[in-house]
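can't give you the sequence, but here's the structure:
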């Protein structure tokens, strides 16, 4: 019975899903209750995870890890999802697609992400990934009368399950080589299997499957279409929670590669995908006219920066990635939040030009977006700067200075398209005339996200110390 | 030739041929039926591997449930036939086939090079024991209870997702 | 157990790559999805082969979970295909291209 104490965050989420099913079924005013109930669930789950952060323990027959950075991840997922829910309240009204199932699927996807973060066994990674993906496939197409949304969900589904095929095949090869599916066993005996080529091929296949979810370079082709076609709030969760969950799965399954010295046989592979993702994302983003597509390419570039942390293969890299993911979650939810507020009915106001003269129309929104764009571009003193800083430090410590230099060049390129939006907002006159609907809950959510961006920028040391204490 | 080898050859040939047929037939219904043949021969292969429980579930779940779902959807939307496999985009398709053949050679090379049978000492009794419903059930309900519960939530999420997307009308 | 395990592994590699070719070359969304099922099944074969030759059941437990996932994916995937068909009257992924693919 004692073990249940350690998985309280999971239990709260799981119970929340079931209760919201009942609410959706029996209450006629579920439209008003359900979003607030799910926010409550997310906050309860997230803060209970934070409360239990010191109880590091492996529970359920070596299936699940609880405490430490796992709980930190769970906290980020839940807080991110709570912010997304807050955004969705008004966004859903724009498309007249209130389905209570939306919130239930949102909660289930967070449950899947949390399972991935805590996984200590390949099966748990696989199940967590599938719970998350199945929810995302459905969420991407939630505006089901909109052709673009249908198309986005079809593409995401076909390519996503294609990636799942690779993942499962890789897991089969790894299982066959080490006769076990426990990640603890993999971690302890990595050097023993290091020479078995079948085992390495299996790990590479697993990496292909997970690279798809983090949107790294050779597996990025779904990202722009899916982010553009699905509902903006769903894109916000997919680009932050989904990416963070896949990174946490990579971190646990490649723990020995990342923390034990001299086992990083994958460094060249990680380095290559880091370089290609960063440069490809930053350069192609310049040419975009649709802001959601631009954010999608920027998301590919950010996956590249985080992969530098994997390539450097030391505990600095791991804690850098976790810090970066926290920062990126709040930046991106803030950015997509503002996009969802500015977005009009029927996919209007989604081009970059719609942001011209925003500073006159909505000074508060413009100010918030400016902070987020500075942070995404990696300018101090915001969270994005310290995220990149820790990653690049890790690369230098691993004697991969060239990778850090490519990263700096790529972020210099990316400054262009982020700053372009700020210039448009403050120094250009508005060309189209449209009214931006007020959304109090949406604004609240964006303000909270920006507060976290500033907070992580002001006090990065306390957070990174906490993370690296657990990463060791 | 012993019975084991004969069965393996028959089922392996059926599985390989039907897999190719699934990919090359232009009529989706025929492709789906070949997929059923593929699942059937896989179940046969599982039997030669002493995995009785998985062989039966393969038939019940895949051939019985999933394929019926596929055929229902095909019936519902009546997709027109595609053109013959090599009729359009011949070059791209041949390149894909060529690349796949290349990767197959690599995978086969890796498998033969890694030589897993040198590391294994198969034991007939252990193998039969591993495939029984008792040992699988014991594992699922003791060691793997957490993923099992997760599977419940996966199916719940899938049901809700499918309902939202395919339900005819809301309210 | 007179057959070496390599035969099973190569057969499953062949099925896996057949599935990959199907995903890359076919244009009907349903057939693409069937090719994905083929890939999952080849992984199942690898699992069962290893499980049987190692004499431990973990691989077959994994196959059990893969089947659950395949069923869940089939439900959601076919629902998505129906939703697309309702709006667009086609399931050919070449014709579904408002977004740039």
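Cool, the structure landed. Note that the coordinates shown come from a computational prediction; the quantities given were computed from them, not determined experimentally.

now the residue of chain B found nearest chain A: which helix or strand?
Nearest to chain A, among the residues of chain B, is residue B:161, at 2.9 Å (Cβ to the nearest Cβ). Yep, even glycine has a C-beta here, placed from its N, CA and C like the rest. Assigned by DSSP states H and E, residue B:161 belongs to helix B:145-166.

packing partners of that helix?
When contacts are defined as 3 or more Cβ pairs under 8 Å, 6 or more residues apart in numbering or on different chains; DSSP states H and E, helix B:145-166 sits against helix A:8-26, helix A:101-118, helix A:122-140, helix C:58-88.

the same query, at a cut-off of 10 Å, please.
Packing partners of helix B:145-166 (3 or more Cβ pairs under 10 Å, 6 or more residues apart in numbering or on different chains; DSSP states H and E): helix A:8-26, strand A:64-66, helix A:101-118, helix A:122-140, helix A:147-178, helix B:133-141, helix C:58-88.

tally of neighbours for residue 91?
Chain wasn't specified; assuming chain A. Using other Cβ atoms under 10 Å in any protein chain shown, residue A:91 has 24 other residues around it.

hm, I was asking about chain C
By other Cβ under 10 Å, neighbour count at residue C:91 equals 26.

confidence score at the closest residue to it other than its chain neighbours?
Closest residue in space to residue C:91, ignoring its immediate chain neighbours: residue C:29 at 4.4 Å, by Cβ to Cβ, 6 or more residues apart in numbering or on different chains. The score at residue C:29 is 89. That number is its pLDDT.

for residue C:29, give me its contacts.
Residues in contact with residue C:29, defined by Cβ atoms under 10 Å, 6 or more residues apart in numbering or on different chains, are A:154-155, A:157-158, B:28, B:73, B:77, B:79, C:77-78, C:80-81, C:84-85, C:90-93, C:96.

who does the helix or strand harbouring residue A:423 touch, helix- and strand-wise?
Using DSSP H and E, residue A:423 sits within helix A:401-427. When contacts are defined as 3+ Cβ pairs under 10 Å, 6+ apart, helix A:401-427 sits against helix A:267-286, helix A:291-312, helix A:358-361, helix A:363-377, helix A:383-397.

among the ones you listed, show me which one is buried the most.
Among the helices and strands packed on helix A:401-427, helix A:291-312 has the highest mean neighbour count (mean count of other Cβ atoms under 10 Å in any protein chain shown), at a mean of 27.

can you tell me the average pLDDT over the helix or strand following it?
Later in the chain than helix A:291-312, the nearest helix or strand by DSSP H and E is helix A:315-342. Across helix A:315-342, pLDDT averages out at 92.

re earlier: my guess is the residue of chain B closest to chain A contacts residue A:132, does it?
No: the criterion here is Cβ atoms under 10 Å, and residue B:161 misses it with residue A:132 at 11.9 Å.

which residues do these two both contact?
When contacts are counted by Cβ under 10 Å, 6+ apart, the set common to residue B:161 and residue A:132 consists of residue A:108.

what's the separation between residue A:392 and residue B:104?
As judged by Cβ to Cβ, to the nearest Å, residue A:392 and residue B:104 stand 41 Å apart.

actually, residue B:124.
31 Å.

of these two, which one has the most company?
Counting neighbours by other Cβ under 10 Å for residue B:124 and for residue B:104 shows that residue B:104 has the greater number, 18 against 11.

thought residue C:19 was touching that one, still the case?
No: applying Cβ under 10 Å as the test, residue B:104 and residue C:19 come out as separate, 11.9 Å apart.

least confident of the helices and strands packed on helix A:401-427, on average?
Minimum mean pLDDT among these: helix A:358-361, a mean of 86.

could you check the pLDDT of residue C:99?
57.

whoops, I mixed them up, residue A:410
Confidence at residue A:410, expressed as pLDDT, is 93.

look up the closest residue to residue 12, ignoring the ones flanking it.
Picked chain A for this. Nearest non-adjacent residue to residue A:12, counting by Cβ to Cβ, 6+ apart: residue A:45, 4.3 Å away.

sorry, I should have been clearer: chain B.
Nearest residue to residue B:12, sequence neighbours excluded (Cβ to Cβ, 6+ apart): residue C:11, at 5.2 Å.

is it true that the one you found touches residue C:45?
Yes: if you go by Cβ under 10 Å, residue C:11 and residue C:45 touch, sitting 6.9 Å apart.

and for those two, which residues touch both?
Here residue C:11 and residue C:45 share the contacting residues B:12, B:15, B:42, B:45, scored by Cβ under 10 Å, 6+ apart.

with secondary structure and neighbour count added, can I get those residues in a markdown table?
A markdown table is the format used below for the shared contacts of residue C:11 and residue C:45 (DSSP: H, G, I helix; E, B strand; the rest coil; neighbours: other Cβ atoms under 10 Å in any protein chain shown):
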| residue | secondary structure | neighbour count |
| --- | --- | --- |
| B:12 | helix | 23 |
| B:15 | helix | 28 |
| B:42 | helix | 31 |
| B:45 | helix | 26 |
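
nearest spatial neighbour of residue A:283, chain-adjacent residues omitted?
Per Cβ to Cβ, 6+ apart, closest to residue A:283 is residue A:413, 6.4 Å.

pretty sure the one you found sits against residue A:304.
No: here residue A:413 lies out of contact with residue A:304, judged by Cβ under 10 Å, at a distance of 11.8 Å.

so what sits against both of these two?
A:278, A:279, A:281, A:282.

OK, contacts around the residue of chain B found nearest chain C?
Closest approach between chain B and chain C, counting by Cβ to the nearest Cβ: residue B:126, at 2.9 Å. Each residue near residue B:126 by Cβ under 10 Å, 6+ apart is listed here: B:50, B:135, C:52, C:53, C:54, C:55, C:56, C:57.

give me that answer again for 7 Å
Contacts for residue B:126 (Cβ atoms under 7 Å, 6 or more residues apart in numbering or on different chains) come out as residue C:55.

measure it to residue B:135 for me?
10 Å.

around chain A, pick out the residues from chain C.
C:16, C:19, C:23, C:29, C:32-33, C:36, C:39-40, C:42-43, C:46-47, C:50, C:54, C:56, C:58-59, C:62, C:65-66, C:69, C:72-73, C:76-77, C:80-81, C:83-84, C:87-88, C:96, C:98-101 (Cβ under 7 Å from any Cβ of the partner chain).
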